[in-house]
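Asks: Take a look and give me a structure for this.
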Amino acid sequence: MLTMSESLMENLQSIENDALQSIEQAQDLKQLNNLRVKYLGKKGPIQEAMKKMKDLSPEERKELGQVSNKVKTSIQEAVTNKQEALEKAKIEAQMAKEKIDVTLPGRKPNLGSPHVLQQVIREIEDFFIGMGYSVAEGPEVELDRFNFELLNIPKGHPARDMQDSFYITDEYLLRTQTSPVQARVMLERNGKGPIKIICPGKVYRRDDDDATHSHQFTQVEGLVIDEYITLSDLKGTLAEFARKLFGEDRKIRFRPSFFPFTEPSVEVDVTCGKCLGDGCSMCKQTGYIEILGAGMVHPNVLRMSGFDPETYQGFAFGIGPDRVAILKYGIDDIRQFYTNDLRFLKQFNEEW
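Replies: You can find the predicted model right below:
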């Protein structure tokens with residue numbers, strides 16, 4: 001018959017065998033942790049067996065304590081080894097699931113591209129830079145002096161009604177054109193030419209948005225000032241510009257007009273892209289479509305900016321990239337430029 005000490009040691013051995021077998025069969029970390037708590041916890045079978053040590057002799061308690069520590073150590077090592085094996089298996093399974101074949105071609109990400117209006121502006125800039133122009137920029141919040149007065153439009157002038165403006169204060173407004181940049185450059189030159197610049201940028205006017213109008217749009221204005229500049233220089237420049245942007249078969253014509261800052265002033269038309277001058281519904285049977293305004297710089301504008309009109313002459317023009325894009329690509333609604341519809345914008349990006 002077994003003594004109590006021998007019975008307890010036999011029980012501890014049985015607990016160890018059961019624990020090692022259960023740990024080996026554990027399928028996941030949660031199940032393994034439950035087994036650890038079951039066998040090594042404060043309410044586990046090992047602790048229950050150790051409560052009976054008080055009935056043993058000192059020698060038997062010592063021997064049972066050694067066996068108990070050995071069983072605990074064995075179970076803890078088994079738990080640790082199984083945990084490492086399960087974690088390794090989990091990582092390997094995840095890696096197998098997320099395996100990437102590096103020999104496959106890469107997936108091309110969707111990239112942004114310049115807006116169609118920015119593309120047109122760059123095309124316009126490239127043309128004029130190639131002709132020796134430089135690009136000048138200025139603030140969008142402008143002084144009334146630069147936006148109107150230095151352009152021969154004093155306070156109370158009827159021409160101010162042509163440009164219903166966004167005023168911030170009595171003196172500051174959102175610029176209605178990029179001509180103020182020209183005025184700033186002319187003042188900086190202290191009456192000494194030559195000047196050959198273009199001024200691209202956003203402009204703002206109080207207008208109801210519809211298919212052909214917007215309260216915010218873009219302009220590229222140009223200015224040339226030097227001795228012996230004539231209207232023929234302006235016409236030759238704009239004729240070449242029309243051929244570059246719309247096609248070699250395009251022609252332009254001048255029609256008399258009025259702008260306070262130019263004299264004489266002209267509206268510039270280009271032959272219709274649909275009928276090439278024969279007349280159709282698109283051009284209202286005229287054969288031409290208006291693209292910009294231009295003229296010779298008014299002597300008053302030269303004088304107010306410090307230039308002697310007896311020595312210097314110049315021409316100026318204003319191009320609307322929105323209108324150029326509409327004519328070039330056959331767009332029927334100017335609002336499409338500003339609604340951020342990717343279906344529309346992707347048509348002008350060959351990379352997409």
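Asks: going forward, measure contacts and count neighbours with C-alpha atoms only.
Replies: Noted.
Asks: Can you give me the buried ones in the helix or strand of the chain with the lowest mean pLDDT?
Replies: Across the helices and strands of the chain, mean pLDDT, DSSP states H and E gives its lowest value to helix 45-50, namely a mean of 73. Residues of helix 45-50 classed as buried: I46 (neighbour count, 16 or more other Cα atoms under 10 Å).
Asks: what residues does it touch?
Replies: Taking Cα atoms under 8 Å, 6 or more residues apart in numbering as the criterion, the residues outside helix 45-50 that touch it are L8, N11, L12, I15, K38, Y39, L40, G41, G65, S68.
Asks: and with 7 Å instead?
Replies: Applying Cα atoms under 7 Å, 6 or more residues apart in numbering, the contact partners of helix 45-50 are L8, L12, Y39, L40.
Asks: who touches the first one in this structure?
Replies: So that's L8. Residues in contact with L8 (Cα under 7 Å, 6+ apart) are A49.
Asks: State whether it is indeed within a helix.
Replies: Yes. Assessed with DSSP: H, G, I helix; E, B strand; the rest coil, L8 lies in a helix.
Asks: Any buried residues in the host helix or strand of I23, and which?
Replies: Using DSSP states H and E, the element containing I23 is helix 4-24. Judged by neighbour count using 16+ other Cα under 10 Å, the buried positions of helix 4-24 are S5, L8, M9, L12, Q13, I15, E16, A19, L20, I23.
Asks: so how far is it from its chain's centroid?
Replies: In terms of Cα atoms, centre = their mean, to the nearest Å, the centre of helix 4-24 is set 69 Å apart from its chain centre.
Asks: ok, N11 to S265 distance?
Replies: From N11 over to S265 the distance is 112 Å, taken as Cα to Cα, to the nearest Å.
Asks: how about the helices of the chain, start to end?
Replies: 4-24, 29-40, 45-50, 58-97, 116-130, 144-147, 179-188, 231-246, 299-304, 321-329, 342-345 (DSSP state H).
Asks: which other helices and strands contact the fifth one?
Replies: Other elements packing on helix 116-130 under the criterion 3 or more Cα pairs under 7 Å, 6 or more residues apart in numbering; DSSP states H and E are helix 321-329.
Asks: Specify the angle between the helix it packs on and helix 231-246 in degrees.
Replies: Using axes from the mean of the first three to the mean of the last three Cα atoms, to 10 degrees, one finds that helix 321-329 and helix 231-246 are set 60 degrees apart in direction.
Asks: Centre-most residue in the chain?
Replies: G112 (6.5 Å; Cα atoms, centre = their mean).
Asks: who's in contact with the closest residue in space to T311 that isn't next to it in sequence?
Replies: Taking Cα to Cα, 6 or more residues apart in numbering, and ignoring the residues beside it in sequence, T311 has E227 as its nearest neighbour in space, at 6.1 Å. For E227, the contacting residues are T311, Y312, Q313, taking Cα under 7 Å, 6+ apart as the criterion.
Asks: Give me the buried subset of these.
Replies: Those of the contacts of E227 that meet the buried threshold are Y312, Q313, by 16+ other Cα under 10 Å.
Asks: export the contacts of E227 to CSV and tack on pLDDT and distance to A78?
Replies: Supplementary listing: the contacts of E227 in CSV, determined by pLDDT from 0 to 100; distance: Cα to Cα, whole Å:
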residue, pLDDT, distance to A78
T311, 95, 101
Y312, 95, 98
Q313, 95, 97
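Asks: Among the contacts of E227, find me the one that's closest to G132.
Replies: Proximity to G132 was ranked across the contacts of E227 by Cα to Cα; first place goes to Q313, at 17.9 Å.
Asks: Any regions of the stretch 51-200 of the chain where pLDDT drops low?
Replies: Where the stretch 51-200 of the chain drops to pLDDT under 70, the residues are 52-55, 161-163.
Asks: circling back: in strands only, show me the contacts of E227.
Replies: Taking DSSP state E, the ones among the contacts of E227 that sit in strands are Q313.
Asks: any idea which of the contacts of E227 is closest to F246?
Replies: For the contacts of E227, the nearest to F246 is Q313 (29.0 Å; Cα to Cα).
Asks: Pretty sure the closest one sits against Y228.
Replies: Yes. Counting by Cα atoms under 7 Å, a contact exists between Q313 and Y228, whose distance comes to 6.4 Å.
Asks: Please name whichever of the helices of the chain is nearest to L292.
Replies: Using Cα to Cα as the measure, helix 321-329 is the one of those that comes nearest L292, at 8.8 Å.
Asks: Of all the residues in the closest one, which ones are buried?
Replies: Using 16+ other Cα under 10 Å as the burial criterion, the residues of helix 321-329 that qualify are P321, D322, R323, V324, A325, I326, L327.
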